[in-house]
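1. give me a 3D structure for the following:
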Amino acid sequence: MTAQMLSILYSSTAVEPFDDDRLLALLQQSRANNERHDLTGMLLYRGGRFVQVLEGPESTVRELVEKIGRDPRHTNMRMLFEEPITERQFAGWTMGYEPISEPREQKPPAFRDTFDDLEVGDDATATLRAVRELSLWFRVRAARAQ
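-> Numbering: from 1, shown residues only. The predicted structure follows:
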């Protein structure tokens, strides 16, 4: 019998800003740990804020979320979305990462350059839509880079 898989989305605020070197160290550690524990996902960081999707075996995801919640490098951790899954959105990605640049003055229609609506909303449907937008955006950018 296969273990139930879970996908979660959370946001948090860095206690101190992360420069490129700190982010690289975090990513290297996360990728190694995630590969060992059969976890996949993506990490977005901008303006001192993290948004992360984690997916994998339910018990493993829950254990990692508890560990992340105790990490002193960030605060204000907020679980934005959680759902059982049968298929990974980030299969093969132990931790995809994309730095998000500062917003442009002229934004194309439907362009997402902030996480603010995720932070304040309690509407699960809107949160799920935002997760899917972020996921699609991330996968398209990664495909272009290859």
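
2. what residue ranges in this structure score low on pLDDT?
-> 1-2, 94-146 (pLDDT under 70).

3. now do the helices in it.
-> Ranges of helices in the chain, per DSSP state H, are 20-36, 58-69, 116-120, 124-145.

4. biggest strand in this protein by residues?
-> Ranked by residue count and defined by DSSP state E, the top strand of the chain is strand 74-85.

5. strand partners of that one, parallel vs antiparallel please.
-> Sheet partners assigned to strand 74-85 using DSSP bridges are listed as strand 5-14 (antiparallel).

6. list the contacts of the strand it pairs with.
-> By Cβ atoms under 8 Å, 6 or more residues apart in numbering, the list of residues contacting strand 5-14 from outside reads 45, 48-58, 61-62, 65, 68, 73-86, 88-89, 115, 118-119, 127, 131. Every residue, glycine included, has its C-beta placed from N, CA and C.

7. returning to what we had before: dump the C-alpha coordinates for the longest strand of the chain into PDB.
-> Below are the C-alpha coordinates for strand 74-85, written out as PDB (Å, rounded to 0.1, in the frame of the first residue of the first chain):
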ATOM      1  CA  HIS A  74      12.100  33.000  10.000                       C
ATOM      2  CA  THR A  75       8.900  33.900  11.800                       C
ATOM      3  CA  ASN A  76       5.200  34.400  11.100                       C
ATOM      4  CA  MET A  77       4.800  31.000   9.500                       C
ATOM      5  CA  ARG A  78       1.300  30.700   8.100                       C
ATOM      6  CA  MET A  79      -0.100  27.500   6.500                       C
ATOM      7  CA  LEU A  80      -1.900  28.700   3.400                       C
ATOM      8  CA  PHE A  81      -3.100  25.500   1.900                       C
ATOM      9  CA  GLU A  82      -3.000  21.800   2.400                       C
ATOM     10  CA  GLU A  83      -4.400  19.000   0.300                       C
ATOM     11  CA  PRO A  84      -3.900  15.300  -0.300                       C
ATOM     12  CA  ILE A  85      -2.500  14.600  -3.700                       C
END
